[in-house]
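*Asks:* model the structure of this input:
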Amino acid sequence: MTSSPVTVGFIGAGNVLPAYLQVLDRLIPRGLAREGPIQARTPVSRDAVLALRPGARVVSDPREVVEASDLVCVLTPPHPRPALVELALRAGCHVVAEKPLAMSRAEAEPLVLLAAERDLHLLIAPFVQLSPTMRELWARVADGAIGAVHSARAMYGNPGSPWAPWFHAGGVGAMAECGIYNLKSLTCLLGPVAEVLAADAVAVERRVAGGVAIDDPDADVTQAILRHASGALSSVLASQAIHIYRRPGIELYGTEGSANLLGDDWDPQGIELWREATGTWELIDPPDSTWLWADGLREGVLAAAGVRAPLAQAAQDLHLLDVIDAARTSARERAWVSVASAFQPSDLRPAPLTAAHGHDRTRPLDEQ
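*Replies:* Residues are numbered from 1 along each chain as shown. As a prediction, this is how the structure comes out:
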């Protein structure tokens, strides 16, 4: 472990920055991290960061961030992200990048190879595999609590963005912007995808985002059927035209029972488990209700400090880009599309609980 805190800088000051700063503020008092520069592109965004974070070092040039940081969080919109990740890696910085890392494997894979060549960590959102609730669900499924899982359903929807035009124009699409959470969860639980059949549609025909009128927006609804290499079938509904819903984020159906992940996989609220042997539903509370979806920053800091290897693998993130590309092709061609890549799923079994008792339910045990 390094003897000094990891300096964390940020490129991008959009609406996800406050969540990453929350994670950073949990690490600073423990001596694991310190705050580096925050890059904001416009004077308005720089003023907004200073209003949120008085005393922050706010800069306009990403190079000032990489020159002063050990680890860089790249939180920009998708299209400039690959070049900025490369900038940070070439400067010798570990990187935590928002999703998607790039629009295709062809853009993303050179970045993964560059990080490996330079012995740097590159962690890519979403970070659902870090959730204590997801890890508990993974362990129950791996231990055969519901038998062999043969099918699953997942969804994540939001109303879209009133602030960022790239959500609805530029080709990112609902599957890469929000469905990617479900894709990561399902591939953690069921393994890699072998085939995809998808369809998409435009629900909201005119958008206004960031003061820009979008009269011909990208498709904002995508539904996909995934055939996993394991033989299991799953389905994903990804939408930027859903205002609210009340149903499990993920449903798993096995030969001996069923399991539901309550809430969204990026904000899990617990697990429901039905076993045919007992004939009852079991409710499992979240092991840590304080978990935050920006937790990849904590994982990156611990890895950069030499505490432990990160619970993440770039091969899975590259596979997700292939799945998203296959979904786009399938929707366009109205046919099944094969996915050639694969990966070996990580063991997500949670560490055994210690005897520690928490007195503050708003903070994780390791802070008490």
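*Asks:* alpha carbons only for contacts and neighbour counts from here, please
*Replies:* Fine.
*Asks:* how about the helices in the stretch 201-350 of the chain?
*Replies:* Here the stretch 201-350 of the chain has its helices, by DSSP state H, counting those that start in this stretch, at 296-304, 314-333.
*Asks:* redo the ones you listed as TSV? Include mean pLDDT and mean neighbour count.
*Replies:* TSV is the format used below for these (pLDDT from 0 to 100; neighbours: other Cα atoms under 10 Å):
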stretch	mean pLDDT	mean neighbour count
helix 296-304	98	24
helix 314-333	98	21
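*Asks:* figure out which of those is closest to V66.
*Replies:* helix 296-304 (14.8 Å; Cα to Cα).
*Asks:* okay, the closest one in PDB with CA atoms only?
*Replies:* Extracted C-alpha coordinates of helix 296-304, given in PDB (Å, rounded to 0.1, in the frame of the first residue of the first chain):
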ATOM      1  CA  GLY A 296     -16.000   2.600  -8.900                       C
ATOM      2  CA  LEU A 297     -14.000   5.600  -7.600                       C
ATOM      3  CA  ARG A 298     -13.500   3.800  -4.200                       C
ATOM      4  CA  GLU A 299     -12.500   0.600  -6.000                       C
ATOM      5  CA  GLY A 300     -10.000   2.600  -8.200                       C
ATOM      6  CA  VAL A 301      -8.500   4.400  -5.200                       C
ATOM      7  CA  LEU A 302      -8.000   1.100  -3.300                       C
ATOM      8  CA  ALA A 303      -6.400  -0.500  -6.400                       C
ATOM      9  CA  ALA A 304      -4.100   2.600  -7.000                       C
END
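*Asks:* now for that helix, which elements pack on it?
*Replies:* Here helix 296-304 touches helix 17-27, strand 71-74, strand 94-97, strand 122-124, going by 3 or more Cα pairs under 8 Å, 6 or more residues apart in numbering; DSSP states H and E.
*Asks:* which of the helices of the stretch 201-350 of the chain sits closest to D200?
*Replies:* helix 314-333 (6.1 Å).
*Asks:* off-centre distance for the closest one?
*Replies:* Computed by Cα atoms, centre = their mean, to the nearest Å, the chain-centroid distance of helix 314-333 equals 16 Å.
*Asks:* can I get the helices of the stretch 201-350 of the chain in TSV with distance to V16?
*Replies:* Output for the helices of the stretch 201-350 of the chain, formatted as TSV (distance: least, Cα to Cα, whole Å):
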stretch	distance to V16
helix 296-304	12
helix 314-333	20
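*Asks:* out of those helices, nearest to V204?
*Replies:* helix 314-333 (18.1 Å).
*Asks:* list the contacts of that closest one.
*Replies:* The contact list for helix 314-333, computed with Cα atoms under 8 Å, 6 or more residues apart in numbering, reads 100, 103-105, 108-109, 112, 122-124, 175-176, 180, 183-184, 192-193, 196-200, 224, 336-339, 341-345.
*Asks:* redo that, cut-off 7 Å
*Replies:* The contact list for helix 314-333 (Cα atoms under 7 Å, 6 or more residues apart in numbering) reads 104-105, 109, 112, 175-176, 183, 196-200, 224, 336-337, 339, 341-343.
*Asks:* same thing with stretch 3-10?
*Replies:* Against stretch 3-10 from outside (Cα under 7 Å, 6+ apart): 31-39, 65, 69-74, 301, 305.
*Asks:* out of those residues, which end up buried?
*Replies:* 32-39, 65, 69-74, 301, 305 (16 or more other Cα atoms under 10 Å).
*Asks:* quick one: mean pLDDT over stretch 109-126.
*Replies:* On average, the pLDDT along stretch 109-126 is 98.
*Asks:* ignore what I typed, I meant stretch 213-220.
*Replies:* pLDDT averaged over stretch 213-220 gives 96.
*Asks:* okay, how far is it across that stretch, tip to tip?
*Replies:* This stretch, stretch 213-220, spans 16 Å end to end (Cα to Cα, to the nearest Å).
*Asks:* so where's the stretch 51-200 of the chain uncertain?
*Replies:* Across the stretch 51-200 of the chain, nothing is flagged by pLDDT under 70.
*Asks:* OK, contacts around A219?
*Replies:* A219 sits next to 173, 200-202 when contact means Cα under 7 Å, 6+ apart.
*Asks:* now the buried members of those.
*Replies:* Neighbour-count burial (16+ other Cα under 10 Å) applied to these gives 173, 200, 202.
*Asks:* follow-up on the earlier one: to G160, which of the helices of the stretch 201-350 of the chain lies closest?
*Replies:* Comparing those under Cα to Cα, the one sitting nearest is helix 314-333, at 18.6 Å.
*Asks:* where does L311 land on pLDDT?
*Replies:* pLDDT, L311: 97.
*Asks:* quick one on the thing from earlier: R275 is nearest to which of the helices of the stretch 201-350 of the chain?
*Replies:* Among these, helix 314-333 sits nearest to R275 (Cα to Cα), with 30.1 Å.
*Asks:* output the closest one as PDB, restricted to C-alpha atoms.
*Replies:* Coordinates of each C-alpha in helix 314-333 appear next as PDB, following Å, rounded to 0.1, in the frame of the first residue of the first chain:
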ATOM      1  CA  ALA A 314     -12.100  -4.900 -18.900                       C
ATOM      2  CA  ALA A 315     -12.900  -8.000 -20.900                       C
ATOM      3  CA  GLN A 316     -16.500  -7.900 -19.600                       C
ATOM      4  CA  ASP A 317     -16.800  -4.200 -20.500                       C
ATOM      5  CA  LEU A 318     -15.600  -4.800 -24.000                       C
ATOM      6  CA  HIS A 319     -18.100  -7.600 -24.300                       C
ATOM      7  CA  LEU A 320     -20.900  -5.200 -23.300                       C
ATOM      8  CA  LEU A 321     -19.900  -2.900 -26.200                       C
ATOM      9  CA  ASP A 322     -20.100  -5.900 -28.600                       C
ATOM     10  CA  VAL A 323     -23.600  -6.700 -27.200                       C
ATOM     11  CA  ILE A 324     -24.800  -3.100 -27.600                       C
ATOM     12  CA  ASP A 325     -23.400  -3.100 -31.200                       C
ATOM     13  CA  ALA A 326     -25.200  -6.400 -31.900                       C
ATOM     14  CA  ALA A 327     -28.400  -4.900 -30.600                       C
ATOM     15  CA  ARG A 328     -28.100  -1.900 -32.900                       C
ATOM     16  CA  THR A 329     -27.500  -4.200 -35.900                       C
ATOM     17  CA  SER A 330     -30.300  -6.500 -34.900                       C
ATOM     18  CA  ALA A 331     -32.800  -3.700 -34.600                       C
ATOM     19  CA  ARG A 332     -31.700  -2.400 -38.000                       C
ATOM     20  CA  GLU A 333     -31.700  -5.700 -39.800                       C
END
